[in-house]
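> Mind folding the following:
(chains A and B)
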Amino acid sequence: NAGVTQTPKFQVLKTGQSMTLQCAQDMNHNSMYWYRQDPGMGLRLIYYSASEGTTDKGEVPNGYNVSRLNKREFSLRLESAAPSQTSVYFCASGGQGSNQPQHFGDGTRLSIL
Amino acid sequence: GENVEQHPSTLSVQEGDSAVIKCTYSDSASNYFPWYKQELGKRPQLIIDIRSNVGEKKDQRIAVTLNKTAKHFSLHITETQPEDSAVYFCAASIGAYGQNFVFGPGTRLSVLP
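Residues are numbered from 1 along each chain as shown, chains lettered A, B, ... in the order given. Now for the predicted structure:
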């Protein structure tokens, strides 16, 4: 039982390049989330998906797109990377029902030069 | 929208002493409050949570208290050990089903031997 798996673990991009961060969970959770973590700012929600087929913006969605491919997979795409998007990105999934904890992946460390 | 404040931002204690981290939230509709521990370079991991129908919850050396009237909740760690050194995040649930969280900015706890 792997939980939440993210790929890649590290990536360096040049400004203007695009890339997709992958996330998969094997806990049969309906909800999935993408966060970014910057020093001193905690975890900020980029996008979330409450169920397969739905996605919604979080606190900081600009510059990102997401796809909920199926119940297991939720990807995050940077169409034209900018240095301000240098961050650690975490994917999470949420348990069934309301008010359940979220379980995080190991993160992707992304640097934009 | 919901705002979660967390204090202190850094905390140093001697091994064996207690540590207390406090959070306040703004949305009276929030009713689920998880705490996460994040070791350096690792994923955030749930250590304890509390729901609004409970005032206190304890798990071995860790306890959480909730005061819904004052909109604040606290994490208490007793008999601290060096392995308790990490960044701790509080969070409050938001949304119609409480499936989303707003995180505090984090507290860096150092336990000195």
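> State the number of residues packed around the residue of chain A found nearest chain B.
Of all residues in chain A, the one sitting closest to chain B is A:N99 (3.5 Å; C-beta to the nearest C-beta). Heads up, the C-betas are built off the backbone N, CA and C, glycines and all. Around A:N99 there are 19 other residues, counting by other C-beta atoms under 10 Å in any protein chain shown.
> do the same with the one 3 residues further on
Residues near A:Q102, counting by other C-beta under 10 Å, number 26.
> Test my guess that it contacts A:C91.
No - taking C-beta atoms under 8 Å as the contact criterion, A:Q102 and A:C91 are not neighbours in contact, 9.8 Å apart.
> Using PDB, write out the CA atom coordinates for the one helix or strand in chain B whose mean pLDDT sits lowest.
Lowest mean confidence among the helices and strands of chain B (mean pLDDT, DSSP states H and E): strand B:100-103, at a mean of 92. As requested, C-alpha coordinates have been extracted for strand B:100-103 and formatted as PDB (Å, rounded to 0.1, in the frame of the first residue of the first chain):
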ATOM      1  CA  ASN B 100     -10.600  21.500   2.400                       C
ATOM      2  CA  PHE B 101      -8.100  22.900   4.900                       C
ATOM      3  CA  VAL B 102      -6.500  26.200   5.500                       C
ATOM      4  CA  PHE B 103      -3.100  25.700   7.100                       C
END
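> Contacts for that strand, please.
In this structure, residues lying in contact with strand B:100-103 by C-beta atoms under 8 Å, 6 or more residues apart in numbering or on different chains are A:33, A:42-45, A:48, A:58, A:102, B:1-4, B:25, B:34, B:36, B:89-94.
> What are the buried residues along that strand?
Taking 16 or more other C-beta atoms under 10 Å in any protein chain shown as the neighbour-count basis, strand B:100-103 is seen to contain the buried residues B:100-103.
> swap in stretch B:44-60?
In terms of neighbour count (16+ other C-beta under 10 Å), stretch B:44-60 has its buried residues at B:44, B:47-50, B:52.
> which parts of chain A sit against chain B?
With the criterion set to C-beta under 8 Å from any C-beta of the partner chain, chain A comes near chain B through A:31, A:33, A:40-45, A:48, A:50, A:58, A:90, A:94, A:98-107.
> Which members of those are positioned in strands?
In this view, the residues of chain A next to chain B that belong to strands under DSSP state E are A:31, A:33, A:43-45, A:48, A:90, A:94, A:102-104.
> Now tabulate the residues you listed in CSV and tack on distance to A:N65 and pLDDT.
As requested, those are arranged in CSV below (distance: C-beta to C-beta, whole Å; pLDDT from 0 to 100):
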residue, distance to A:N65, pLDDT
A:S31, 18, 93
A:Y33, 15, 97
A:L43, 20, 95
A:R44, 17, 95
A:L45, 15, 95
A:Y48, 13, 95
A:F90, 17, 98
A:G94, 21, 92
A:Q102, 21, 94
A:H103, 23, 96
A:F104, 21, 97
